[in-house]
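Peer 1: Attaching a predicted model along with its sequence, questions to come.
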2 protein chains.
Amino acid sequence: MRLSRYFLPILKENPKEAEIVSHRLMLRAGMIRQQSAGIYSWLPLGKKVLEKINQIVREEQNRAGAIEILMPTIQPADLWIESGRYNDYGQEMLRIRDRHDRAMLFGPTNEEMVTDIFRSYVRSYRDLPLNLYHIQWKFRDEVRPRFGVMRGREFLMKDAYSFDLDYEGAKASYNRMFIAYLRTFERLGLKSIPMRAETGPIGGDLSHEFIILADTGESEVFCEKTFLDMPVPGTDVDFFDNAEIASIVERWTTPYAATDEMHDEAAWAEIADGDKVSARGIEVGHIFHFGTKYSEPMGATVAGPDGKEVPVSMGSYGIGPSRLIGAIIEASHDDNGIIWPESVAPFGAVVINMKPGEEACDNWSERAYAALGEAGVDPLYDDTDQRPGAKFATADLIGLPWQLIIGPRGVKAGTVELKHRATGDKHELDLDAAIARITGA
Amino acid sequence: MRLSRYFLPILKENPKEAEIVSHRLMLRAGMIRQQSAGIYSWLPLGKKVLEKINQIVREEQNRAGAIEILMPTIQPADLWIESGRYNDYGQEMLRIRDRHDRAMLFGPTNEEMVTDIFRSYVRSYRDLPLNLYHIQWKFRDEVRPRFGVMRGREFLMKDAYSFDLDYEGAKASYNRMFIAYLRTFERLGLKSIPMRAETGPIGGDLSHEFIILADTGESEVFCEKTFLDMPVPGTDVDFFDNAEIASIVERWTTPYAATDEMHDEAAWAEIADGDKVSARGIEVGHIFHFGTKYSEPMGATVAGPDGKEVPVSMGSYGIGPSRLIGAIIEASHDDNGIIWPESVAPFGAVVINMKPGEEACDNWSERAYAALGEAGVDPLYDDTDQRPGAKFATADLIGLPWQLIIGPRGVKAGTVELKHRATGDKHELDLDAAIARITGA
């Protein structure tokens, strides 16, 4: 993408409404714009990152056997009256009356609707296990939305729902999602640690939060150091081998790990000091098993092997891709801006033409831009007439993994400068070598 | 995807609420489920088709220089009060009060919000032309939603908005979208004909509807036969060559073409009978130029070359991907079900194992399934224990381009049967030849 034809509205000043670094950097890098309290437009750079995250989430859900659907944002109140949650949800639920005065709402979550889909079609235990997920905008009318996309009112959520005949099956479904989450966060460049969680108003008795460590995290967390280099399962995991996935989950749930709320001082005291990590964390995912909480009142039953009807045992599994962008930035930035993990960087590299209009600089830059594009790097090409200082500041701010800097002096000497954003390392190289370094060729 | 692990809830009976063939087939093929009047969940097969359409729309928007963003579904009423449209829209607009009693609405379209984004960042004519688009769910509270996804209340729309300094620039932006639309519909397997349209409540004086011909179309249309084999611009179009794109648009707007509403009997009478086509059509896209209708009241101005502030000249360009699915089915089906164009087929082929559990059938089927997957065909594998008749009926109903049928008799004779859904042609082939036919190798 040529920057001269792109829409990248960089802010020079720190927006004063931003209380945390991710919010500040997302506004400054032209990724989002607030339209109302807690409601954002995603500008081109933000939209690209959001799609990259969605795609990784999707691939790992699919790998674990979950199937993608898409439920609407607007739901009839009837379903929530049926489950008994319509009044529980309070003012966080955005209630709506349509033109025929029917009670509707903007879905804050989808347990009811997916249970309704299930009961409409599935009759037999032979069609289980089933796990349906979608990636859809949700609305929760927070009293004081803040921290940018970390706690917005309209936010994107991937929510998966599993259906099984019994607890054993449900546990296996839970384990599949547990491992899918470990893999998802690792691919996003995050170190996540599963921590036992309260099940809260959603009910049930098996629940983990996935927490990433970040100095600016919202809450205190406690865990054993062993988590920090525990290997995340690879693509060779057989998600349909229940014994294998159970043993992986056991390995990941045996060492001590707890959020502030669930912290057990006595157990903590028994761990050797050198094996402890106490740090700030950000919740990036949450998985629950809640059994028959919805299937029973809503009549979502299947015929078991003996022909008897039983309500299905369910779980739900949430990741917020819009919130994750904030979390990734909290975990990966410096004073100059964002440092994107390669997997979610909006562009793979930026080619900085220091002197557009000068023939040699233009030629070299065009050559680099074309070569990187052909190699699948998806480069941004800064062909604008901004001053060099402004170009460097923008490149650091938007945090692409590589900066390929092409200036008149270098061109004369036959070299370009390659800067690696994460480490700050700079090298003078010939153009082909620089391109090869970026493409990993 | 193994059908035994998929969620494909086929309906055997014709749902009586479906008045038109696309609605009937989408319900029967397990693509959608109605959740409230005019509000649908997209089941796995429907979701896959929707994503394929979105991707083609997106690629052609990007090719034409439009830039993707994502605006939220919920908008503040203020913007609409500012543009003067808040009261115009009537009961079709879903009005909402949040917990602080602020007036909000579920966006039926985004002229106001995108104009607000523009005015927040863009100051100079040097940043033009600019075209921002998004693919987002909209809500229009129709009195009597019907025809399934063809006229739903919550529907997906790609809406693009162009910003230019003057009419000349706006005309070029309009022409770029005109050509992008021709290319988009062709890639979707549709024959589209641009027809001059009323600008209606949205205002302005340059407007075309893109109509596809389908026997079951909603309205009567009239055009010259020459449209039927007019070549659609290829990927070599230079979208930034204003003269080139203007001449293409001229070629496509010179022969007679009109919807019922805009039909001119006198002009029509002058065309030779053999050159006329009068048929049923379905509107699948609409492009408008509306000038300063929003930029003026909302103060979206830029400094021109002479330093004077001028309100920008705007256009908007809509395609409804959810509606398009209905339109594609209306244009491409038979008595047995859907016939997907290859570009949007949810899977590239189905491998039908006639006798799961028989070793040779299983081996051949697995081999075909693996080979097609590796070739990027994204096959569905019917490994269920349904009877052959039911498997054939399902395969025809869901309309994948190819059916590869593997049964015990064929395997013994060393052959499989390959059926092409669109033509109904069947061939007995050896397995490798059949795979090669599907993959085009």
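Peer 2: Great, that's in hand.
Peer 1: Could you tell me the per-residue confidence at A:V149?
Peer 2: The model reports A:V149 with a pLDDT of 94.
Peer 1: Next up, the contacts around it.
Peer 2: A:S22, A:H23, A:M26, A:I32, A:Y40, A:F155, A:S322, A:R323, A:I325, A:G326 (Cβ atoms under 8 Å, 6 or more residues apart in numbering or on different chains). Where C-beta positions appear, they are placed from N, C-alpha and C, glycine not excepted.
Peer 1: at 10 Å instead, please
Peer 2: Residues near A:V149 by Cβ atoms under 10 Å, 6 or more residues apart in numbering or on different chains: A:22-23, A:26, A:31-32, A:34, A:38, A:40, A:42, A:46, A:50, A:155-156, A:320-327, A:329.
Peer 1: try A:N87
Peer 2: A:W80, A:I81, A:M93.
Peer 1: In helices only, show me the residues you listed.
Peer 2: A:W80, A:I81 (DSSP state H).
Peer 1: Filter the contacts of A:N87 down to the buried ones.
Peer 2: The neighbour-count criterion (16 or more other Cβ atoms under 10 Å in any protein chain shown) marks A:W80, A:M93 among the contacts of A:N87 as buried.
Peer 1: Including pLDDT, could the contacts of A:N87 go into JSON lines?
Peer 2: Output for those, formatted as JSON lines (pLDDT from 0 to 100):
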{"residue": "A:W80", "pLDDT": "97"}
{"residue": "A:I81", "pLDDT": "97"}
{"residue": "A:M93", "pLDDT": "96"}
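Peer 1: Keep only those of the contacts of A:N87 that are also close to chain B.
Peer 2: A:M93 (Cβ under 10 Å from any Cβ of the partner chain).
Peer 1: What is the nearest of the contacts of A:N87 to A:D229?
Peer 2: Minimum distance to A:D229 across those is 42.4 Å, recorded for A:M93 (Cβ to Cβ).
Peer 1: Not counting sequence-adjacent ones, nearest residue to A:M113?
Peer 2: A:M71 (5.2 Å; Cβ to Cβ, 6 or more residues apart in numbering or on different chains).
Peer 1: Ok, A:T226 next?
Peer 2: A:T226's closest residue in space is A:P255 (Cβ to Cβ, 6+ apart), at 5.1 Å.
Peer 1: pretty sure the one you found contacts A:D229?
Peer 2: No - judged on Cβ atoms under 10 Å, A:P255 makes no contact with A:D229 at a distance of 11.9 Å.
Peer 1: Comparing these two, which residue is more hemmed in?
Peer 2: Remark: of A:P255 and A:D229, A:P255 carries more neighbours, 15 against 7, as counted by other Cβ atoms under 10 Å in any protein chain shown.
Peer 1: The more buried one - that's part of a helix, no?
Peer 2: No - assigned with DSSP: H, G, I helix; E, B strand; the rest coil, A:P255 falls outside any helix and is coil.
Peer 1: how far away is A:E112 from B:I398?
Peer 2: Relative to B:I398, A:E112 is positioned 28 Å away (Cβ to Cβ, to the nearest Å).
Peer 1: pLDDT value on A:M298, please?
Peer 2: Reading off the model, A:M298 has pLDDT 98.
Peer 1: sorry, back to before: which residues lie in contact with the residue nearest to A:T226 in this structure?
Peer 2: Applying Cβ under 10 Å, 6+ apart, the residues contacting A:P255 are A:I193, A:C223, A:E224, A:K225, A:T226, A:F227, A:M230, A:I271, A:D275.
Peer 1: hang on, the last one packs against A:F222?
Peer 2: No - look at A:D275 against A:F222 with Cβ under 10 Å: they stay out of range, at 11.5 Å.
Peer 1: intersection of neighbour lists for these two?
Peer 2: A:Y256.
Peer 1: higher neighbour count, these two?
Peer 2: A:F222 (22 against 12).
Peer 1: so who does that one touch?
Peer 2: Each residue near A:F222 by Cβ under 10 Å, 6+ apart is listed here: A:195, A:256-260, A:262-265, A:267-268, A:271, A:276-279, A:281.
Peer 1: tell me which residues form a beta bridge with it?
Peer 2: A:A258, A:S278 (DSSP bridges).
Peer 1: OK, contacts around A:K52?
Peer 2: Here A:K52 is in contact with A:L188, A:P321, A:I325, A:W340, A:P341, A:S343, A:V344, A:A345, A:P346 (criterion: Cβ under 10 Å, 6+ apart).
Peer 1: which SS state does the residue in the stretch 301-441 of chain A positioned nearest to chain B fall under?
Peer 2: Here the stretch 301-441 of chain A gets closest to chain B at one residue, A:D385, 9.4 Å apart by Cβ to the nearest Cβ. Three-state assignment for A:D385 (three-state DSSP): coil.
Peer 1: Tell me, how many residues neighbour A:G440?
Peer 2: Each residue near A:G440 was counted by other Cβ under 10 Å, and the total is 7.
Peer 1: nope, A:G424 is what I was after
Peer 2: There are 11 residues near A:G424, going by other Cβ under 10 Å.
Peer 1: What is the three-state secondary structure of it?
Peer 2: Applying three-state DSSP: A:G424 is coil.
Peer 1: quick one, phi/psi of A:L213?
Peer 2: In terms of degrees, to the nearest 10, the main-chain angles of A:L213 are phi -90, psi 130.
Peer 1: Bridged to it, which residues?
Peer 2: Beta-bridge pairing of A:L213 under DSSP bridges involves A:G281.
Peer 1: Run through chain A and note the low-pLDDT ranges.
Peer 2: A:199-205 (pLDDT under 70).
Peer 1: OK, contacts around the residue in the stretch 101-250 of chain A that chain B sits nearest to?
Peer 2: Among residues of the stretch 101-250 of chain A, the one nearest chain B by Cβ to the nearest Cβ turns out to be A:Y121. It sits 3.8 Å away. Counting by Cβ under 10 Å, 6+ apart, A:Y121 makes contact with A:D127, A:L130, B:F7, B:L8, B:P9, B:I10, B:L11, B:G30, B:R33, B:L43.
Peer 1: ok so A:G30 is a helix residue?
Peer 2: No - A:G30: not assigned to a helix; according to three-state DSSP it is coil.
Peer 1: That one and A:K47 touch, don't they?
Peer 2: No - A:G30 is beyond contact range of A:K47, at 11.1 Å (criterion: Cβ under 10 Å).
Peer 1: Can you give the distance from stretch A:337-348 to the centre of its chain?
Peer 2: Relative to its parent chain, stretch A:337-348 has a centroid offset of 13 Å by Cα atoms, centre = their mean, to the nearest Å.
Peer 1: try stretch A:322-338
Peer 2: Taking mean C-alpha positions (Cα atoms, centre = their mean), stretch A:322-338 and its chain are 12 Å apart.
Peer 1: One more: stretch A:138-148?
Peer 2: Per Cα atoms, centre = their mean, the centroid offset for stretch A:138-148 relative to its chain is 18 Å.
Peer 1: and it with chain B, contact?
Peer 2: Yes - applying Cβ under 10 Å from any Cβ, one finds stretch A:138-148 touching chain B at A:F139, A:D141, A:E142, A:V143.
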